[in-house]
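Visitor: Any chance you can model this:
(chains A and B)
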Amino acid sequence: MGAPHAVGEAASCLFPPLRSGRWVARAVSRYILSRLLLILPTLLAVAVLIFLLLRVVPGDIVELRLVLGGSYVTPEVIAAERARLGLDAPLWEQFLTWMLGIFRLDLGRSMWSGEPVAREIGLRLQLSLQLALMATLFATAAAIPLGVLAAVFRGRWVDHLVQVISVAGLAVPSFWLGILMILFLLSVFQYLPPLTFTPLWVDPKANLAQLIWPALAVGYRYSAVATRMTRSALLEVLGEDYVRTAWAKGLAGMVILRKHALRNALMPVVTVIGLEFAFLIGGLVVTEQVFNLNGIGKLIVDAIGQRDYTLIQGLLLLVASGYILVNFLVDLIYAWIDPRISYR
Amino acid sequence: MRMQRTGGRPGHRAGLAVMVGILVIGLLSYPVTAQTPRQGGILTYIVTAAPPSFDAHRETTFAMIHPIRPHYNLLVKFDTRNYPKVIPDLAESWTSSRDGMTWTFKIRQGVKFHDGSILTSRDIKASFDRIVFPPEGVISVRQAVYQGVRAIEAPDPQTVVFRLKWAVPSFLEKLASPFNWIYKADILARDQRWYERNVMGTGPFKFVEYVRGSRWVGRRNEDYFERGKPYLDGYQALFITSRSAMIAALKGGQALIEFRGVSPAERDDLVRTLGDRIAVQEAPWLCNLIVTFNTKKKPFDDARVRRALTLAVDRWGGSNALSQIAFVKPVGGMMRPGSEMATPESELVKLAGYGRNIQQARTEARALLREAGVPENFSFTLKNRDVAMPYEPIGIFLVDQWRQIGLHVSHVQQETATYLADLRALNYDAAVDFACDFIDDPDIQLAKFVSADISPLNYGGYIDRQLDLMYFQQSRSADRATRLRVVRQFEKRVLHDQAYVMYVLWWQRIIPYWRKLQGYKTTTNHYVEPDLSEYWLSE
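Guide: This next block holds a predicted model:
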């Protein structure tokens, strides 16, 4: 991820000089369209993979729901429930039903709750997206200044301090930090963040009172990764010939840093931030548990534990789509940061 | 027809005098500090899982009972203060015929559904018809419990009659199942599956909102048929699946109780933090942990090997040690220790693995293993759920106990779905299994252990027609003494003669709750408690 022109297959060539505005617009449109078209076969492959993998994993939702507690359920009842859920149909038929539903923008109904999968996901997505966004904002706001300071003052006490903070951030799991936060708030202030989610537009205060703590816990680890990335990328750029030339020309340090060094150093940082953001949407399983957040991560784990095939399929498809979309956006941001990257 | 038990009929003059006497004595002995229930307040409590659907007739989980039960009534219910006594709910009285084949219930007048319509016997009949004779496309998981019911009739708006094929033992207790919610007949006539996603009952609280995975909210039913109840203005059930978040919520006072139970360590933590603001009630739990052996696999197909394994386990010592760290404690056979049908300790100690002299038992176990040709240091696998409490400590305990007779056991903890699939496919050597119920009744507790071709809960794979016959005999026996005798024979065959399974320990319920919650009384199970109508807040 060092040199900008090496990033991304579609963004790997230098931007041709002296082209007209219309040419650039057409190139951008072509590029976006081709990337969007590539998403479809990728998602189809993901769908097939998810469907098959789930069927390979042992376990049965009907057993879990009706038999687990030791209830006296007859084999006929178990068979009737399997038939009702369509689990007695051949695999190809189950897959076809699911695929046809997707083409109609219908992800089906959760086998566990009977609710539409889209509704189950939508309910949690709001919280997960907000949390991911808050954590990203916090991480970015902390990581870039800290990374720049560490790079600029390399080997000095500021650098050491930033290194200690960021290494601690990498070493401390977010959920553990979350538990410490809760215990601290509880024992010192006799305060516990709200346990149920209130949308931002309903009650911003209650919303932030619940999400600020997990956002800080998650954002700290996230910022540690980004800080280290900013520092190392910036150090690399600061050693480049064109930066030395800028110094030699007598440009102000701030101008060199902001206009020449930082902009180029941000490429790998953007990649890290993008991938982390995508991860946060579905990957905060334990942190969600600690703060009792009704998010996507918890839903994925519950659905897998319950062998709720339709819900897992919908969720994993969503997470895969999220990753693909974020990668796509990151590629677009690359080109915006570095005009040498072409849309081809 | 004779009156056998009644819920509210006027008695004779002598009876009245006795009742007045009891009332006077009761009033005199009532603690002077006892408080009058206070009206008002919202009770917030924790539910550690979310309900799959809202329909109790098709679900088996407490996760549906705890948040939704307050919206409904039953025909009859367990008295949580005197469990397992059955008291009226929607029925105000009942009688049974001399032969026990006909049960007649008189229904309260003027009970209203939350939509304002009046409840009649037609609603009771429609609800029980759905449970006992589910129509096409409707799942009733407790249908088998009521296979002795021939017909349910509603001859007039205030009368329901259950006609039985045989005198079903504990029939009244079976009707009092906390899952037998009474639904509205008109709604069921329109759509048998309406209740899977909707709520409409006669219970003490009306439905307000459900935010999936987050909270369930109910408010006081002003038209509730019991005057002055419920005491609470409403309730809020918070869905919290993480143990640490649950304990933090209890510590922080964001919730006052969780109705299932906590571990001894969690109890101690809460008591340490909250001091006298928290109270703790404990009771033997109608849940058990057993070990099932794969009887289709060598050497577990040999009863001597299975008996050796049960002989090696020191249940009495284990109870003392494990009850310090896990919610297990009572040592018992197949019926819950302390229940009417439980085997007393004097007889229990005669069964394999229950003797007080563990050294002698282990010597016998080694001899049995030698006799069966099992080599010293024989290795096998114990499969278990990856649930910390109480499965993990029990699994570790068993590994240690079997090590002491020269066996090497690998403890494999699996995610529940995989674990169940392995048990169903007989892909295991020995496995930790469990059962939880709402009633101490052999029909329900022993059903798991009849032959594998009859019971889908039998993971051992054995076919034993003697057991099937005994199960049938006890289930058809109206005479309690005869039934008890057959139950004991069944128990001896399962735990001692064939040692198909071994009971390790029964669970112990530990319920910490904020003292300001009044009217709560712990029972032997987490299914029968929360209709919330008796609870109130002192501040």
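
Visitor: Does A:L316 lie in a helix or a strand, and which?
Guide: Assigned by DSSP states H and E, A:L316 falls within helix A:309-337.

Visitor: what helix or strand is the residue nearest to B:D386 when sequence neighbours are not counted on?
Guide: Closest residue in space to B:D386, ignoring its immediate chain neighbours: B:Q413 at 4.2 Å, by Cβ to Cβ, 6 or more residues apart in numbering or on different chains. To be clear about C-beta, it is placed using only N, CA and C from the backbone, and glycine gets the same treatment. Taking DSSP H and E as the criterion, the element that holds B:Q413 is strand B:408-414.

Visitor: For that strand, give me every contacting residue.
Guide: With Cβ atoms under 8 Å, 6 or more residues apart in numbering or on different chains as the test, strand B:408-414 has contacts from B:377-386, B:391-392, B:395-396, B:398-399, B:402-403, B:422, B:430.

Visitor: Which ones among those lie within strands?
Guide: Among those, the members found in strands (DSSP state E) are B:379-385, B:430.

Visitor: in the stretch 201-344 of chain A, what spans have low per-residue confidence?
Guide: Low-confidence segments of the stretch 201-344 of chain A (pLDDT under 70): A:339-344.

Visitor: 80 instead, please
Guide: A:282-283, A:332, A:334-344 (pLDDT under 80).

Visitor: Show me where it has its helices.
Guide: For the stretch 201-344 of chain A, the helices defined by DSSP state H, counting those that start in this stretch occupy A:204-238, A:241-248, A:253-255, A:263-283, A:285-290, A:296-306, A:309-337.

Visitor: Tabulate those (CSV), appending mean neighbour count.
Guide: Listed next are the helices of the stretch 201-344 of chain A as CSV, based on neighbours: other Cβ atoms under 10 Å in any protein chain shown:
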stretch, mean neighbour count
helix A:204-238, 22
helix A:241-248, 12
helix A:253-255, 10
helix A:263-283, 21
helix A:285-290, 23
helix A:296-306, 22
helix A:309-337, 20
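
Visitor: To chain B, which of these lies closest?
Guide: Closest approach to chain B among the helices of the stretch 201-344 of chain A (Cβ to the nearest Cβ): helix A:285-290, 3.7 Å.

Visitor: Show me what the one helix or strand B:T292 maps to is packed against.
Guide: In the assignment (DSSP H and E), B:T292 maps to strand B:278-293. Other helices and strands packing on strand B:278-293, by 3 or more Cβ pairs under 8 Å, 6 or more residues apart in numbering or on different chains; DSSP states H and E, are helix B:264-274, helix B:303-311, helix B:391-403, strand B:430-436, strand B:501-514.

Visitor: what about it, average pLDDT?
Guide: The average pLDDT within strand B:278-293 is 95.

Visitor: B:E376 and B:L369: what is the separation?
Guide: As judged by Cβ to Cβ, to the nearest Å, B:E376 and B:L369 stand 8 Å apart.

Visitor: So those two - more neighbours on which side?
Guide: Set side by side, B:E376 and B:L369 show more neighbours around B:L369, with 25 against 11, by other Cβ atoms under 10 Å in any protein chain shown.

Visitor: Flag every buried residue along the host helix or strand of that one.
Guide: Element membership for B:L369 (DSSP H and E) is helix B:358-371. Along helix B:358-371, these residues count as buried under the neighbour rule (16 or more other Cβ atoms under 10 Å in any protein chain shown): B:358, B:361-362, B:364-366, B:368-369.

Visitor: same question for that helix, mean pLDDT?
Guide: Across helix B:358-371, pLDDT averages out at 97.

Visitor: Can I take it that B:D440 is in a helix?
Guide: No. Assignment of B:D440 by DSSP: H, G, I helix; E, B strand; the rest coil gives coil, placing it outside any helix.

Visitor: Now the residue in the stretch 101-250 of chain B positioned nearest to chain A: closest residue in space that isn't a chain neighbour?
Guide: As assessed by Cβ to the nearest Cβ, chain A sits closest to B:S242 within the stretch 101-250 of chain B, at 3.7 Å. In space, B:S242 comes closest to A:Q289 once its chain neighbours are excluded; the distance is 3.7 Å by Cβ to Cβ, 6+ apart.

Visitor: Hmm, that neighbour is touching B:F239, no?
Guide: No. A:Q289 lies out of contact with B:F239 (Cβ atoms under 8 Å); the separation is 11.9 Å.

Visitor: any idea of the pLDDT on B:R2?
Guide: Looking at B:R2, its pLDDT is 39.

Visitor: oh, I was asking about A:E9
Guide: pLDDT, A:E9: 43.

Visitor: for B:R58, same thing?
Guide: Predicted confidence (pLDDT) for B:R58: 88.

Visitor: Excluding chain neighbours, what is closest to it?
Guide: Closest residue to B:R58 apart from its sequence neighbours, by Cβ to Cβ, 6+ apart: B:I139 at 4.4 Å.

Visitor: Double-check that neighbour against A:E81; I have them as touching.
Guide: Yes. The criterion here is Cβ under 8 Å, and B:I139 meets it with A:E81 at 5.5 Å.

Visitor: Mind listing the shared neighbours of those two?
Guide: Residues touching both B:I139 and A:E81 (Cβ under 8 Å, 6+ apart): A:L66.

Visitor: still on that earlier bit, let me have the buried residues of helix B:358-371 in JSON lines, adding distance to chain A as columns.
Guide: As requested, the buried residues of helix B:358-371 are exported to JSON lines (distance: Cβ to the nearest Cβ, whole Å):
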{"residue": "B:I358", "distance to chain A": "29"}
{"residue": "B:A361", "distance to chain A": "28"}
{"residue": "B:R362", "distance to chain A": "30"}
{"residue": "B:E364", "distance to chain A": "31"}
{"residue": "B:A365", "distance to chain A": "28"}
{"residue": "B:R366", "distance to chain A": "33"}
{"residue": "B:L368", "distance to chain A": "29"}
{"residue": "B:L369", "distance to chain A": "30"}
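
Visitor: and which of those residues is nearest to B:R493?
Guide: Among these, B:L368 lies closest to B:R493 (Cβ to Cβ), at 17.5 Å.

Visitor: which residues does the closest one contact?
Guide: Contacts of B:L368 by Cβ under 8 Å, 6+ apart are B:304-305, B:307-308, B:311.

Visitor: Since that was my last question, I'll sign off now.
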